[in-house]
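> model this:
(chains A and B)
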Amino acid sequence: ESDPLITELQDWTSFGGDPITARPYGLPIRFEADVIRRNVPWLTADPVSSINFTPIHALEGTITPQGCAFERHHSGAIELAKENYRLMINGLVDQPLVFSYADLERFPRENHVYFCECAANTGMEWAGAQLNGAQFTHGMLHNMEYTGIPMRTLLQEAGLGAAGDLADKWIYVEGADASSNGRSIPMEKALDDVLVAFKANGEALRKEHGYPVRLVVPGWEGNMWVKWLRRIEVTDGPVESREETSKYTDVLEDGTARKWTWVMDAKSVITSPSPQQPITHGHGPVVITGLAWSGHGKITRVDVSKDGGMTWETARLDRGSDPKALARFYLDTEWNGEPWLLQSRAMDETGYVQPTKAALREVRGENSVYHNNCIQTWAIAADGSAENVELS
Amino acid sequence: EPLGLGRAATPEEIAAWDVNVMPDGTGLPPGEGDVWTGDEVFAEYCASCHGDFAEGRDAWPKLAGGFGSLDKVDPVKTVGSFWPYVSTVWDYVNRSMPFGGAGNLTPDEVYAITAYILYSNDLVDEDFVLSPETWDQVEMPNVDGFIIDDRAEAEYAVWRAEPCMTDCRDAPATINRRASDVGVTPADDGTMVESPMEALLAKYGGTEWGAERVSGSVYMDGRPDEMAAMPEAAETEAVQEANAEPTAPAAAEPEPEAETGPDPVVVAAGEKVFKRCSACHAVGDGARNKSGPQLNGIIGRPVAALEDFRYSKVFTTLGEEGQVWDMDSLTEFLANPRAWAKGTKMSFAGLKSEYDIHAVIVYLEAASD
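Now for the predicted structure:
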């Protein structure tokens, strides 16, 4: 049977399309309009201080488009113009300084790709399988190419002589929004790879990601990536702000809490097939794909299991892995209607192997909220649908 | 080598921004606050979300109680049961509270609120006065409840091992929990995203994108009917003109709209103004009380009419006196909430522009379910 889409002349083949003036700044074509951030209303008291999720189930490659990269605000996304932007460096520095946005553009700058993951990503899954979709279970995650100035360059501009021995010094960073979300970062990290960034994926940061300037703290929890960065203070100790005591600490089974759990450990998730991305094409060849990342460095290997962890096969890491950035893996395989319990397991260059949820619970109990990097399971049914499940 | 970029920060600038307080109290400004003053200030600024006794309301944080719960299922992490330092409370209240009106509390008010929160947790007596001098007298019960990240020893050391590839489980895996049994995932075609195009418009439409993009971009492909009345570029200019002119005709004579339906330009302007209210108030289909009451049908509604909302005393009294929300009372209230309703918990300074006030009222009427 011949396909009329081929044999008959179609409108789009005959008539002109949109003029080049139609979209001074383009959006995805309307057929892709379901590839959007989504939120879970019951998670928080108010959408001004809340989080939404990247549609990782519907994206490919590793770079997250800014327009659908997850947002987390503590007092809403503010509008701060470049001409009203000021960055102060003070505290234990030789000369406290104020920079304008234009000043920042005159420093030597660098480009790096890094993932940003909220410490609470997958946090709703501690107690059991809860949210049905990779977007909701793992979507507090994005990965962008940042353009920015190394923090060390700015600190050296202000001069660290006044700080003396740097080994026990910290920086305190805060934003210009109403929450001012301050975090303390040890000097060693500040001088290592922290970036003061003003571009992402080649263009200005979006308002919701901290326009015009945000902090990038590679491999460390997203809360530290202060948006609308307005001040850097060199201190002789941690400030112990609300976001490093009341929040972003991890309560263990005996009631004590871990603090300063900054690094995001190795983690992975299969993005397709997954609950929002079921198998709809029938039996035969199928591509299993997903993302893997580690705050400790490069991803070296990802294994996939189809039987809930009884047997594993090693997936193909596409283009290898940049340190502290998302890696894309594929398992090009075949499905003939058999039920699958799909899992992925990441390894990083330190030899760390992504743990099961049972292993995490054994160490931490069930009251932890943040840093859930357990192996995720999707159950694939005979009709190709997928569901978030927990295994015994 | 420094590049000589930037300029020296002035002492006044550093004082304005460098307000963080260290656990030992370094950075505290002079001042003091007692528990009873704190009770009053807390009732005014904080209780609408955190409850009169800091017990928390709705999904807003509980600030008191929870003692002995940290090693139980779902620990209650309050200032008393969990927070290790008073400085964290002082600093957070000072810079980030009240939600939707941060940065306006005086040091004395912050000391008083902090003292009241401590009192609510039985950590200080009712005659306690918090100040830099009494700072060291407060003992936080959970100060020693934290350990520094020990994952390197407790986890990495164990999990850095060659992973198993075959026969890795004692028994075949079985499913014991399903997300679909919980049923809390927002549906793709449910309440979260009724139509993808509508979601896109909500994300990118109107106010954020500006006139040239509104007229040129996403709407071309399939413009929903309800957007047909949205202002094109020329009408948007009219909004800007109206904004610039506080005594725009629409502001002076709202009556004709009742016959012809509200002016979509005014409604759109009012919707933009309402963004400033939406942290605490909802209006429209399914609107529920947040930290402020839902506003459906507010025009013509008696003051303090919702039975399921705890109003400030001033509103209850006004309601009992027969006061009704109409164009005049809302206009006066929105211009200066605290003057019109002395004692309101609404932490909003008021709208300066008469046009904004008019527009937001028109919007509230149009958006009412």
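> from here on, contacts and neighbour counts on C-alpha atoms
OK.
> which residue packs closest to the spatially most central residue of chain A, ignoring adjacent ones?
Against the mean C-alpha coordinate of chain A, by CA atoms, centre = their mean, the closest residue is A:L141 at 2.4 Å. Sequence neighbours aside, A:E117 is the residue nearest to A:L141 in space, at 4.4 Å (criterion: CA to CA, 6 or more residues apart in numbering or on different chains).
> just B:V76 next, same as before
The nearest residue in space to B:V76 (CA to CA, 6+ apart) is B:G66, at 4.7 Å.
> can you confirm the one you found is in a helix?
No. Going by DSSP: H, G, I helix; E, B strand; the rest coil, the assignment for B:G66 is coil, not a helix.
> quick one on the thing from earlier: who's in contact with the residue nearest to A:L141?
By CA atoms under 8 Å, 6 or more residues apart in numbering or on different chains, A:E117 lies in contact with A:140-142, A:220-222, A:264.
> inside strands: which ones of those residues?
A:141-142 (DSSP state E).
> closest one of the contacts of A:E117 to chain B?
Distance ranking of the contacts of A:E117 against chain B, using CA to the nearest CA, places A:M264 first at 11.1 Å.
> my read is that the residue nearest to the centre of chain A contacts A:A119, right?
No. Between A:L141 and A:A119 there is no contact under CA atoms under 8 Å: 9.6 Å.
> quick check: A:K298 touching A:D348?
Yes. A:K298 lies in contact with A:D348 (CA under 8 Å); the separation is 5.6 Å.
> settle it for me: which of the two has more neighbours?
Ranked by neighbour count (other CA atoms under 10 Å in any protein chain shown), A:K298 and A:D348 place A:D348 first, with 26 against 22.
> so what's that one bridging to?
Going by DSSP bridges, A:D348 is paired in beta bridges with A:I299.
> contacts only, for it.
A:266, A:293-294, A:296-301.
> a markdown table for those, including pLDDT?
Below are the contacts of A:D348 laid out as a markdown table (pLDDT from 0 to 100):
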| residue | pLDDT |
| --- | --- |
| A:A266 | 98 |
| A:W293 | 98 |
| A:S294 | 98 |
| A:H296 | 98 |
| A:G297 | 98 |
| A:K298 | 98 |
| A:I299 | 98 |
| A:T300 | 97 |
| A:R301 | 98 |
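> name the residues of the stretch 151-300 of chain A found near chain B, please.
Within the stretch 151-300 of chain A, the positions near chain B by CA under 8 Å from any CA of the partner chain are A:156-158, A:178-180, A:231, A:238-242, A:245-246, A:251-261.
> thinking again about what came up before, tell me the one of the contacts of A:D348 nearest A:K357?
A:A266 (13.5 Å; CA to CA).
> any low-confidence regions in the stretch 251-392 of chain A?
Along the stretch 251-392 of chain A, the model assigns pLDDT under 70 to no residue.
> what are the boundaries of the strands in it?
With DSSP state E, counting those that start in this stretch, the ranges of strands along the stretch 251-392 of chain A come out as A:257-259, A:267-272, A:284-293, A:299-305, A:313-314, A:316-318, A:327-335, A:340-348, A:377-380, A:386-391.
> gap between the residue nearest to B:K352 when sequence neighbours are not counted and chain A?
Distances taken as CA to CA, 6+ apart put B:A335 closest to B:K352, at 6.3 Å, once the chain neighbours are dropped. Distance, B:A335 to chain A, using CA to the nearest CA, to the nearest Å: 23 Å.
> quick check: phi and psi on B:A335?
phi -70, psi -30 (degrees, to the nearest 10).
> and the pLDDT for it?
B:A335 is assigned 86 on the pLDDT scale.
> so it versus B:A359, what's the distance?
Going from B:A335 to B:A359 by CA to CA, to the nearest Å gives 13 Å.
> those two: which is more packed in?
Remark: of B:A335 and B:A359, B:A359 carries more neighbours, 28 against 19, as counted by other CA under 10 Å.
> quick one: what helix or strand has the residue lying closest to that one once chain neighbours are set aside in it?
Distances taken as CA to CA, 6+ apart place B:G270 nearest to B:A359, at 4.1 Å, with adjacent residues excluded. In the assignment (DSSP states H and E), B:G270 maps to helix B:264-274.
> so which elements touch that helix?
Here helix B:264-274 touches helix B:233-244, helix B:354-367, going by 3 or more CA pairs under 8 Å, 6 or more residues apart in numbering or on different chains; DSSP states H and E.
> which of those helices comes out lowest on mean pLDDT?
Looking at the helices and strands packed on helix B:264-274, the weakest mean confidence is helix B:233-244, a mean of 38.
> let me know the pLDDT of B:V138.
Listed pLDDT for B:V138 reads 96.
> can you pull the contacts of it?
By CA under 8 Å, 6+ apart, the contact list for B:V138 reads B:86, B:123-124.
> export these as JSON lines, with columns for distance to chain A and neighbour count.
Compiled in JSON lines, those are given as follows (distance: CA to the nearest CA, whole Å; neighbours: other CA atoms under 10 Å in any protein chain shown):
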{"residue": "B:V86", "distance to chain A": "10", "neighbour count": "24"}
{"residue": "B:L123", "distance to chain A": "17", "neighbour count": "18"}
{"residue": "B:V124", "distance to chain A": "20", "neighbour count": "19"}
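> among the residues you listed, which are in strands?
Using DSSP E, none of those sit in strands.
> closest to B:D39 out of those residues?
When the contacts of B:V138 are compared for distance to B:D39 (CA to CA), B:V124 wins out at 13.5 Å.
> check what pLDDT the closest one gets.
At B:V124, pLDDT is 96.
> isn't it right next to B:T114, touching?
No. B:V124 is beyond contact range of B:T114, at 10.7 Å (criterion: CA under 8 Å).
> distance of A:N52 relative to A:K247?
Distance from A:N52 to A:K247, by CA to CA: 18 Å.
> what do you get for A:F99?
In terms of CA to CA, A:F99 sits 31 Å off from A:K247.
> those two: which has the busier surroundings?
Neighbours around A:F99 and A:K247, counted as other CA under 10 Å, are more numerous at A:F99. The numbers are 19 against 15.
> that one touches A:R86, doesn't it?
Yes. Between A:F99 and A:R86 there is a contact at 5.7 Å, judged by CA under 8 Å.
> tally up the residues packed near B:V73, please.
Around B:V73 there are 11 other residues, counting by other CA under 10 Å.
> next one, pLDDT for it please.
79.
> in what helix or strand does it lie?
Judged by DSSP H and E, B:V73 forms part of no helix or strand.
> which residues touch it?
Contact analysis of B:V73 by CA under 8 Å, 6+ apart lists A:366-367.
> so A:W378 touches A:A386, yeah?
Yes. A:W378 is within contact range of A:A386, at 6.0 Å (criterion: CA under 8 Å).
> compare these two (neighbour count), which wins?
Neighbours per residue, other CA under 10 Å: of A:W378 and A:A386, the larger number sits with A:W378, 31 against 26.
> look up which residues are beta-bridged to the more buried one.
When bridges are taken as DSSP bridges, the partners of A:W378 come out as A:L342, A:N388.
> what's the distance between it and A:P285?
In terms of CA to CA, A:W378 sits 19 Å off from A:P285.
> if we can go back for a sec, name the residues contacting each of A:W378 and A:A386.
Counting by CA under 8 Å, 6+ apart, the residues touching both A:W378 and A:A386 are A:274-275.
> next, count neighbours for the residue nearest to B:V76.
Based on other CA under 10 Å, the number of other residues close to B:G66 is 18.
> tell me how far it lies from A:G255.
For B:G66 relative to A:G255 (CA to CA), the value is 12 Å.
> same deal with A:D3?
Relative to A:G255, A:D3 is positioned 66 Å away (CA to CA).
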